[in-house]
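**Q** take this sequence and fold it.
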Amino acid sequence: MDDYNTVVIIGGGIAGMTVSHELINLGYNIILLERNDIVGGQARTKQSKTPKNCPLEYSWRAFGTWYQNVYNVMKSVPFNDNKTVYDTLTELQGGEITCNKKIPSYQNTFQNMPMEDMVKLLPILIDYSISSDKRNIKNYGSINLKKYIRENKLSSQGENLIGKIVGPYLGFDYHNASVYDLLYGFEMMTCNSDPKNKFNISSLPTNMAWFDQWMKYLKKKGLDLRLNTKAVEIKLNSINEIENVLTFNKKTKKYERLYAKYYVNCTGPEILEELLYPYRLRKEISLFYNNIKNVAKHGRQIQLSVYYYVDKKIFLDRENTLAYLPNTPWLLMVLPTGHIWESHGLNLNEYCDERIKEIISVGICEPYEPGILIKKPWSECTEEEIRFEAWYQLVHDKDFIENTCIENGNNIKDVNVIDFKIWDSYIFKDGEINTYEPKWANNTNTKKYRPETVTPIKNMFLGGSYSNTSTGIYSMEGATESGKKAAIALCKKDNRKNDIYLHTKKKFTLSTPLRGIDSLLFMLGLDYIIIILLVILLILIFY
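**A** Reported below is the predicted structural model:
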C-alpha cells in the first residue's frame, strides 16, 4: 500500500466509519482500526445464528428530524439492489389508538410549562439569544442545570419537564448537565428540524440494517478493516507529526507499526488521553492534552440500556412507538423491538430461543434515584438486581399497565421474562456498575474543553461527537458531522478538492446581527449590556 496516499483511522464507530466513507470515495487508501470484533461503536449490535444469540444492542437508537448528515450518508450506502440503508428506517410515531389504548404523550414539552416558570425562564432565553456563543459558554457553560432550576425556584412540574423529559431526550444527565447545553440543544433542534425528515428508528438490528451493509460497501471499495485491533502507542517526531502507530491485535497477540501520511483519531476521549500521555508536557500539545483530559473527566456518563426477552408480543399505541415513563424512579424508556424487526424480515426463531416472542429495549436514564423493590440506584446494583428492579418498575407503572397491548388480550403481568442481557462491557465492581466504554455527554464544564477537528499534531485530525461540532450534543448526528469535518479538514491540508456534503447547524437568524455585535464586544472585553442600550437607542430613534 502506498504510504503517501494512506490514512489510518483509529476507531470504527460512526465517526470513524464516516471518515472512511468520505475519504475512500476520494481515492485514499484507508486502514480502519477497531478494537472490537464488530464495527458500530456504541450503536452496534451483537447477534448470531450459530450458536443462537438473540440480537442485543448497545442501546436502542432513534434518528431525529435534524439528522441531516446521518441521512446523507445512509442514502449513499446500498442495502440491496433496490434500497439504501436510509430505506430501512421506519417512522417512530405515536398518537393513533391500538386496541382502544393510547400511551400518554410527552411531546411539545414547553407548551406544558407553567406560565410562572416561563416568566422566570424568559430573561435567560432572551439573554442567550442575543449573546455571542463565547459569552454564552462563559456565562452558562459552568452552571449546573439542576442547581439553576432549584435556585430559581421553578415548580416541580417545570423541573420534571426539563429534567425528566428534555434531559433524557437530549441524552443529558439532568444532575450533571449545564444550562448552556440545554439552551444550545433547544436552539439547534428548533432551527434545524427538517419537515422532510421523520423521527425514525431502525426497522432491523442496527448492524444488520446499517453497519454490516456499510462495511461491505467500503470493503468493496478497498477498505482495509482491522478488527480486534487497538492503537496502543502513537510515535511523534520532533515537529509534532505522527511517524507511526503501534497496534495490537488481541486475536493474534501480535504488534504492528503502521505508517501513513495522515491519521484520524475517532476513539473516545479517555483512549486519546492515554495515547497523548507521553507527550503531555510538550509546549505545543499540552493545552490539547489538557482539553482531552478534562472532556474525559467531566463528560463521562454511564447510561444503561438493558434487554428483556419475553414470551409474548407487546404493542404500544402504535407498533413502532416508544414509551417514556417519567413517573418511574429510574426514568425508563421502553421500546419493544422484536415484532418491529420481525415485520421487516427478521426471523427471531433463527437467532433466539423459540419461546422468545418479543425483545424489549429498556433505557435507564436516572442513575441516582433508589428503586422501589431493591431500594438502591441502578448504578449501585448488580446485574441481577437491575433485572428485577427495572422490570418491577415497568410492570407497576400506571401509564404502562393501562396503555399497553399484549397479544391475545393478556395483561402485562402475564408476560414472562425468558432472558435478560446487559452489554458485556458493563461490570459490577467495588459496589457500583462501570464500563470500559462510557458514553460522552454534555455535562457542566465540558463545552469549553471540546477539541477542534484540526489538532496541534500536524498530520492528525479528530472525529467523535465530543469534538466541537455545530450539532453540539452527544448523538449519532454529532458523530457523523465530526467525521465529515475531519475528512474535509484532511482534504484541505492535502490540497485536494472534495464535494463532501456537510450540514452545519443553523442558529436563530433574527438575532444574528446582535450576536455579531456582541462577538466583537466580547473580544474587546466589553459587557453585552451595551447591546441592550443600542437596541433601546435604535427604538428611540425610529420612534
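
**Q** which residues does the residue nearest in space to the middle of the chain contact?
**A** A centroid search over the chain (C-alpha atoms, centre = their mean) returns S475, at 2.7 Å, as the residue closest to the centre. Applying C-beta atoms under 8 Å, 6 or more residues apart in numbering, one finds that S475 lies in contact with G64, Y67, G171, S465. Heads up, the C-betas are built off the backbone N, CA and C, glycines and all.

**Q** nearest to K52 among those residues?
**A** Among these, G171 lies closest to K52 (C-beta to C-beta), at 32.4 Å.

**Q** which residues touch the closest residue in space to the closest one that isn't next to it in sequence?
**A** Leaving aside its chain neighbours, G171 sits nearest to Y474 (4.8 Å; criterion: C-beta to C-beta, 6 or more residues apart in numbering). Neighbour list for Y474: G171, K439, W440, A441, N442, S465, Y466 [criterion: C-beta under 8 Å, 6+ apart].

**Q** which of the helices or strands spans the residue nearest to K153 when sequence neighbours are not counted?
**A** Leaving out its chain neighbours, the residue that sits closest to K153 by C-beta to C-beta, 6+ apart is K120, at 7.6 Å. Using DSSP states H and E, K120 maps to helix 115-130.

**Q** and what of N349?
**A** Here N349 sits within helix 348-351, counting by DSSP H and E.

**Q** helices or strands up against that helix?
**A** strand 53-57, helix 338-343 (3 or more C-beta pairs under 8 Å, 6 or more residues apart in numbering; DSSP states H and E).

**Q** which of those sits closest to P269?
**A** The closest of the helices and strands packed on helix 348-351 to P269 is strand 53-57. By C-beta to C-beta, the value is 23.0 Å.

**Q** mean confidence score for that closest one?
**A** The average pLDDT within strand 53-57 is 92.

**Q** quick one: buried residues of it?
**A** C54, P55, L56, E57 (16 or more other C-beta atoms under 10 Å).

**Q** so for the helix or strand just after it, mean pLDDT?
**A** Proceeding N to C from strand 53-57, the next assigned helix or strand is strand 62-63, under DSSP H and E. Averaging pLDDT along strand 62-63 gives 90.

**Q** the top helix by length along the chain: how far from the chain's middle?
**A** Longest helix in the chain, counting residues (DSSP state H): helix 476-493. Its chain's average C-alpha position is 16 Å from that of helix 476-493, according to C-alpha atoms, centre = their mean, to the nearest Å.

**Q** which helices and strands does that helix pack with?
**A** helix 14-24, helix 68-74, strand 262-265, strand 460-462.

**Q** so which of these is nearest Y309?
**A** Relative to Y309, the nearest member of those by C-beta to C-beta is helix 14-24, separated by 26.5 Å.

**Q** average pLDDT across the closest one?
**A** 98.

**Q** in its sheet, what does the helix or strand just after that helix sit against?
**A** Downstream of helix 14-24, the next assigned helix or strand under DSSP H and E is strand 29-33. Sheet pairing for strand 29-33, assigned by DSSP bridges, gives strand 6-10 (parallel), strand 224-226 (parallel).

**Q** low-scoring stretches of the stretch 1-150 of the chain, by residue?
**A** 1-2, 94-98, 103-111 (pLDDT under 70).

**Q** list the contacts of stretch 169-180.
**A** 124, 136-137, 139-146, 148, 162-164, 166-168, 181-182, 185, 301, 303, 366-368, 439, 441-447, 473-475.

**Q** just the buried residues from the residues you listed, in PyMOL please.
**A** A single PyMOL command suffices to select whichever of the contacts of stretch 169-180 are buried according to 16+ other C-beta under 10 Å:
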select buried, resi 124+136+137+139+140+141+143+144+145+146+148+162+163+164+166+167+168+181+182+185+301+303+366+367+439+441+442+443+444+445+446+447+473+474+475
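
**Q** sort out for me which of the contacts of stretch 169-180 are in strands.
**A** Secondary structure from DSSP state E places Q301, K439 of the contacts of stretch 169-180 in strands.

**Q** which parts of the stretch 151-300 of the chain are helices?
**A** 156-159, 167-169, 179-192, 206, 212-220, 269-276, 286-298 (DSSP state H, counting those that start in this stretch).

**Q** who wins for proximity to D424 among the ones you listed?
**A** helix 206 (16.7 Å).

**Q** helices and strands around the closest one, which ones?
**A** When contacts are defined as 3+ C-beta pairs under 8 Å, 6+ apart, helix 206 packs onto no helix or strand at all.

**Q** sorry, back to before: so for N411, which of the helices and strands packed on helix 348-351 sits nearest?
**A** helix 338-343 (17.9 Å).

**Q** from the middle of its chain, how far away would that closest one be?
**A** That offset, for helix 338-343, works out to 24 Å (C-alpha atoms, centre = their mean).

**Q** now that helix: buried residues?
**A** G338, H339, I340, W341, E342.

**Q** pLDDT added to the residues you listed, as TSV?
**A** Below are the buried residues of helix 338-343 laid out as TSV (pLDDT from 0 to 100):
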residue	pLDDT
G338	92
H339	90
I340	90
W341	92
E342	92
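
**Q** Q157: which of these is nearest?
**A** Using C-beta to C-beta, the buried residues of helix 338-343 come closest to Q157 at I340, 32.8 Å.

**Q** right, and that closest one touches I201 too?
**A** Yes. The pair I340 / I201 is scored as a contact, 7.4 Å apart, by C-beta atoms under 8 Å.

**Q** what comes into contact with stretch 243-250?
**A** So stretch 243-250 is contacted by 8, 10, 33, 35, 226, 228-237, 254-260, 263 (C-beta under 8 Å, 6+ apart).

**Q** off-centre distance for that stretch?
**A** Distance, centroid of stretch 243-250 to centroid of chain: 27 Å (C-alpha atoms, centre = their mean).

**Q** straight-line length of stretch 363-378, end to end?
**A** Taking C-alpha to C-alpha, to the nearest Å, stretch 363-378 runs 12 Å from one end to the other.

**Q** chain center to it: distance?
**A** 22 Å.

**Q** just checking, S155 touches M115?
**A** No. Assessed by C-beta under 8 Å, S155 is found out of contact with M115, at 10.1 Å.

**Q** more neighbours, those two?
**A** The neighbour comparison of S155 against M115 (other C-beta atoms under 10 Å) goes to S155, with 14 against 7.

**Q** what strand or helix carries Y308?
**A** Short version: Y308 belongs to strand 304-310, going by DSSP H and E.

**Q** return the list of helices and strands in contact with that strand.
**A** Judged by 3+ C-beta pairs under 8 Å, 6+ apart, the packing partners of strand 304-310 are strand 53-57, strand 358-364, helix 383-395, strand 417-422.
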